[in-house]
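In: Build the 3D model from these lines:
(chains A and B, ligands or ions: 6)
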Amino acid sequence: MTTAPIIELRGVSKRFGPTYDAAARVARSIARQFGTAQKNEVVHAVDNVDLSVTRGEVVGLVGESGCGKSTLGRMVAGIMPPSDGEVRFKGDDIVELPPDRARDAKLKVQMIFQDPYASLNPRLRVEDIVGEAPLVHGLVKRADFDTYLDAQLRRAGLDPGYRRRYPHQFSGGQRQRIGIARALAVQPEFLVCDEAVAALDVSIQAQILNLFMDLRRELDLTYLFISHDLGVVEHLSDRVLIMYLGRIVESAPAEEVFARPNHPYTQALLAEVPRIEARKRRFTAIKGEIPSPLAAPPGCHFHPRCPHAMPRCSQEAPRLREIAPGHRSACHLNDRS
Amino acid sequence: MTTPTLEVRNLRTHFFTRAGVVKAVDDVSFTIASGRVLGLVGESGSGKTVTGFSIIGLVDPPGRIAGGAILYQGQDLAKLPEREMRALRGNRIAMIFQDPMMTLNPVLRIDTQMIEAVQAHAKVSHAEARTRARDALGMVGIPSPDERLQAYPHQFSGGMRQRVAIAIALLHHPDLLIADEPTTALDVTIQAQILAEVQKLAVNYGTALIWITHDLSVIAGLADEIAVMYAGRIVETGAADAVLDRPVHPYTHGLIGSVPSRNRRGEKLRQIPGTTPSLLRLPPGCAFRTRCPRADAACEQEPLPSQPVPERTVRCFHPLVAVAA
Ligand SMILES: Nc1ncnc2c1ncn2[C@@H]1O[C@H](COP(=O)(O)OP(=O)(O)OP(=O)(O)O)[C@@H](O)[C@H]1O
Ligand SMILES: Nc1ncnc2c1ncn2[C@@H]1O[C@H](COP(=O)(O)OP(=O)(O)OP(=O)(O)O)[C@@H](O)[C@H]1O
Ligand code: SF4
Ligand code: SF4
Ligand SMILES: [Mg+2]
Ligand SMILES: [Mg+2]
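Out: Residues are numbered from 1 along each chain as shown, chains lettered A, B, ... in the order given. Ligands and ions are numbered 1, 2, ... in the order given. Take a look at the predicted model:
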């Protein structure tokens, strides 16, 4: 039996054009009149990504700050349309669904946002932030509301006694838990976790991650888990995707990625992981230039920093292809055998 | 002996809410010398950010400093008029906020904000300020800084916004830098770049650092001393190495035991049993009592700071100290 993917991305890209204020617009139109060369100012945040996630799977997504993880996550959650390609939820292209079914799909795919404060309405009390959607969508009856709300808050590690507070009255990690409670309260099938536990101390983090794993076991909840914490990603994920400047450069089962990283970027990343055993170390600055998504290097985006770069690397983009069962990597080195 | 850059004495910062008094910071004391790094760790909601806000004078009503002293190079910041505090803030004392949007204005371009931050405390031309802003962006690993200066905060990724806030805090080489979860949204490569810059700052300018974070491996690599907070109190302080290797307070011990890399893949992660008590309804005596494996009747009294081992201060009646056989 083949299980249909719960989420499928086909050739998904996202580009952001520049936005200009009045002064910049004037400057640009003058520059245009005089024929001054214009720089290409389009950000290629996500570039032609294919991804298929099966029910109950935990997919970790890792990559440098600014490489496009949150943008990819937002497209998966159906809250940002792709510039190209399609996002399918249980086989349906979300963009083409009739409004009521699209709303349903959006409810089933929830996102825990990276920036807890900006994602919470400052004028709403916690009880409304967490409780409103379940009430509106008929997931809970008015009469059972208080019990439901208390349970939702408690399992995210929040004291139900805080339900009448506003977001600004909480600590950073408490706000993050409000976001977690809100996402889980609508009983989603798919959860995009964008740095969802980054603001929590390791003990409360363990409590939330254990909750995530319980929900997966009990309800087959599926996760796209974006995180910079490789220890957490390794612990939780079945499969790990490595992203570099808008592209997926490696994809493999979690054990495989950590034991046998193939892509030079993945290898460099794993070598940097700080360990609690390493005391008072001298941190080192980045070697080589960080490429910009405003002017991505041609060929393999990683070539300006890659210790193995060959002439071919700056001319031709390597394809993501299978190098071992279930292990894919995008690097020309794999062509030499 | 030289005066330390910062000495906090018995600080109490309370929020007088309608539901009751929230003792967010309750009798906190610590000292940091020039060029040293204090790692401030502890439970989420234990008062780390409020401690930072108290130092830099940004506690808003209904919160206020209810007691204690904050001595910066010997002068008490808690008693300083706001006008004098403003001259220090962002200049000699800077804070990297946990939420970068506390530093950034969403409707202004990055260049406008950074140039203003430069010119607020340095008499330089607009062009010179712009150059400094661009260099600062480059230093925190933002590529194409000239183009990126013209963007608005919402056009940046979460980690890029955080890095702009870091760049602004470092502009004037402060004497005291309070960094509140500054690298949580950053990958390990860029994190290392920023930590390298910060270490340079401490060495070259003698900046004293308070580094607030949940990431114990960063603390291990960066901090000289560690202070551990629980429910508004510092429950353990000591040299970073010693505290990480041989935690003496039961809360610290439980916290270090919850680090995922020490657990097995896919298995349930270890966590401290029970939940954080609400600061509105703390049990009398030791606040950790309801969750502590070593608690007994003695713990119904308030544990005062003691030194069960040399160079370690702990608030606990039954610290984890090896008993000689
Ligand atoms: N305006 C406020 N009104 C009432 N309580 C508040 C207010 N601001 C903060 N608190 C409470 O004070 C306590 C300490 O908050 P603080 O932000 O210092 O925690 P923290 O240690 O920084 O936690 P985190 O690691 O989650 O950021 C928290 O329990 C919080 O709920
Ligand atoms: N609304 C927007 N307008 C313009 N550019 C944007 C917008 N949102 C994101 N970008 C750009 O897209 C790129 C990818 O951003 P994204 O937020 O997806 O990164 P990320 O991988 O989540 O990074 P981080 O780890 O720092 O959160 C960045 O270069 C960013 O500047
Ligand atoms: S394709 Fe070339 S530059 Fe890219 S990672 Fe492989 S060896 Fe390095
Ligand atoms: S004082 Fe008692 S309850 Fe508190 S940490 Fe120590 S042993 Fe545990
Ligand atoms: Mg992001
Ligand atoms: Mg905080």
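In: What segments of the stretch 201-337 of chain A are strands?
Out: Using DSSP state E, counting those that start in this stretch, the strands found in the stretch 201-337 of chain A span residues A:222-226, A:239-244, A:247-253, A:321-324, A:327-329.
In: report the angle between the axes of the third one and strand A:239-244?
Out: Spelled out, that is strand A:247-253. With axes from the mean of the first three to the mean of the last three CA atoms, to 10 degrees defining the directions, strand A:247-253 sits at 160 degrees from strand A:239-244.
In: before we move on, back to that, make CSV from the strands of the stretch 201-337 of chain A and add mean neighbour count to it.
Out: C-betas here are computed from N, CA, C, even on glycine. Formatted as CSV, these follow (neighbours: other CB atoms under 10 Å in any protein chain shown):
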stretch, mean neighbour count
strand A:222-226, 25
strand A:239-244, 24
strand A:247-253, 24
strand A:321-324, 13
strand A:327-329, 20
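In: For ligand 6, what is the nearest residue in the stretch 101-250 of chain A?
Out: A:Gly172 (4.0 Å; CB to the ion).
In: That residue touches B:Glu181, doesn't it?
Out: Yes. Counting by CB atoms under 8 Å, B:Glu181 is a contact partner of A:Gly172 at 6.5 Å.
In: Name the residues contacting each of those two.
Out: Residues touching both A:Gly172 and B:Glu181 (CB atoms under 8 Å, 6 or more residues apart in numbering or on different chains): A:Ala199, B:Gln98.
In: Quick check: pLDDT value at A:Thr19.
Out: If you check A:Thr19, the pLDDT there is 58.
In: Next: the one 5 residues further on.
Out: A:Ala24 is assigned a pLDDT of 58 by the prediction.
In: Same check on the one 5 residues further on?
Out: Here, the pLDDT recorded for A:Ser29 equals 61.
In: contacting residues for the nearest residue to A:Arg177 once chain neighbours are set aside?
Out: Leaving out its chain neighbours, the residue that sits closest to A:Arg177 by CB to CB, 6 or more residues apart in numbering or on different chains is A:Ala156, at 4.5 Å. By CB under 8 Å, 6+ apart, the contact set of A:Ala156 is A:Arg177, A:Ile178, A:Ile180, A:Ala181, A:Leu184, A:Ile208, A:Leu211.
In: wait, does the longest helix belonging to chain A contact ligand 1?
Out: When secondary structure is assigned using DSSP state H, the longest helix within chain A turns out to be helix A:202-219. No. Shown here: helix A:202-219 not in contact with ligand 1 (CB under 6 Å from any ligand atom), separated by at least 8.4 Å.
In: where along the stretch 1-150 of chain A do the strands fall?
Out: Per DSSP E, counting those that start in this stretch, the stretch 1-150 of chain A carries strands over the ranges A:5-16, A:43-54, A:58-63, A:84-89, A:92-93, A:109-112.
In: again but with chain B, I slipped
Out: Secondary structure of chain B (DSSP state E): strands at B:6-17, B:20-32, B:37-42, B:63-72, B:75-76, B:93-96, B:176-180, B:208-212, B:225-230, B:233-239, B:312-314.
In: Please work out how many residues are found near A:Ala151.
Out: 14 (other CB atoms under 10 Å in any protein chain shown).
In: That one sits in which helix or strand?
Out: In this structure, A:Ala151 sits in helix A:145-155 according to DSSP states H and E.
In: got a list of contacts for that helix?
Out: A:126-127, A:130-131, A:134-135, A:140, A:159-160, A:162-163, A:181, A:184-185, A:211, B:275.
In: In those residues, find the pair that's most separated.
Out: A:Leu135 and B:Thr275 (25.3 Å; CB to CB).
In: Can you pull the residues of chain A lying near ligand 3?
Out: Close to ligand 3, as judged by CB under 6 Å from any ligand atom, chain A has residues A:263-264, A:300, A:302-303, A:306, A:308-310, A:313, A:318, A:331-333.
In: Buried ones from those residues, can you make that a ChimeraX selection?
Out: In ChimeraX, a selection of the buried entries from those looks like this (16 or more other CB atoms under 10 Å in any protein chain shown):
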select /A:263,264,300,302,303,306,309,313,318,331,332,333
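In: okay if I get the residues of chain A next to ligand 3 as TSV plus pLDDT and distance to ligand 6?
Out: As requested, those are exported to TSV (pLDDT from 0 to 100; distance: CB to the ion, whole Å):
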residue	pLDDT	distance to ligand 6
A:His263	98	35
A:Pro264	96	37
A:Cys300	96	40
A:Phe302	95	35
A:His303	94	40
A:Cys306	94	38
A:His308	96	42
A:Ala309	95	42
A:Met310	96	47
A:Cys313	96	43
A:Pro318	97	42
A:Cys331	98	40
A:His332	97	45
A:Leu333	96	44
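In: List just the nearest of the residues of chain A next to ligand 3 to ligand 2.
Out: A:Phe302 (15.4 Å; CB to the nearest ligand atom).
In: Excluding chain neighbours, what is closest to the closest one?
Out: A:Tyr265 (5.0 Å).
In: so what's the residue nearest the centre of chain B up against?
Out: Among the residues of chain B, the one closest to the centroid is B:Ile212, at 2.8 Å (CA atoms, centre = their mean). Residues in contact with B:Ile212, defined by CB under 8 Å, 6+ apart, are B:Leu40, B:Val41, B:Lys48, B:Thr49, B:Gly52, B:Gln98, B:Ile178, B:Ala179, B:Asp180, B:Glu181.
In: what would the residues you listed look like in a markdown table with distance to ligand 3, neighbour count and pLDDT?
Out: Shown next, in a markdown table, are these (distance: CB to the nearest ligand atom, whole Å; neighbours: other CB atoms under 10 Å in any protein chain shown; pLDDT from 0 to 100):
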| residue | distance to ligand 3 | neighbour count | pLDDT |
| --- | --- | --- | --- |
| B:Leu40 | 39 | 28 | 98 |
| B:Val41 | 37 | 27 | 97 |
| B:Lys48 | 40 | 30 | 98 |
| B:Thr49 | 41 | 23 | 97 |
| B:Gly52 | 41 | 22 | 98 |
| B:Gln98 | 35 | 25 | 93 |
| B:Ile178 | 39 | 27 | 98 |
| B:Ala179 | 33 | 26 | 97 |
| B:Asp180 | 36 | 23 | 96 |
| B:Glu181 | 32 | 22 | 94 |
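In: quick one: contacts for whichever residue of the stretch 101-250 of chain B sits closest to chain A?
Out: Closest contact between the stretch 101-250 of chain B and chain A, by CB to the nearest CB, is at B:Gly159 (3.1 Å). B:Gly159 makes contacts with A:Ser65, A:Gly66, B:Ala185, B:Leu186, B:Asp187, B:Ile190, as judged by CB under 8 Å, 6+ apart.
In: Top of those by number of neighbours, please.
Out: A:Gly66 (28 neighbours).
In: Surely that one and B:Ser157 touch.
Out: Yes. Contact criterion CB under 8 Å: A:Gly66 and B:Ser157 qualify, at 4.4 Å.
In: Identify the residue nearest residue 291 in space, chain neighbours excluded?
Out: Answering for chain A, as no chain was given. Distance criterion CB to CB, 6+ apart; nearest residue to A:Pro291, sequence neighbours excluded, is A:Pro297 at 5.1 Å.
In: my bad, the chain I had in mind was chain B
Out: With sequence-adjacent residues excluded and distances taken as CB to CB, 6+ apart, B:Arg291 is closest to B:Gly274, at 3.9 Å.
In: burial of that neighbour, as a residue count?
Out: 10.
In: Phi, psi for it please.
Out: phi 80, psi -180 (degrees, to the nearest 10).
In: what does the domain assignment say about chain B?
Out: As given by automatic domain parsing, the domain ranges for chain B are B:6-92+B:174-324, B:104-171.
In: Columns distance to ligand 6 on top of those domains, output as JSON lines?
Out: As requested, the domains of chain B are exported to JSON lines (distance: least, CB to the ion, whole Å):
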{"stretch": "domain B:6-92+B:174-324", "distance to ligand 6": "3"}
{"stretch": "domain B:104-171", "distance to ligand 6": "14"}
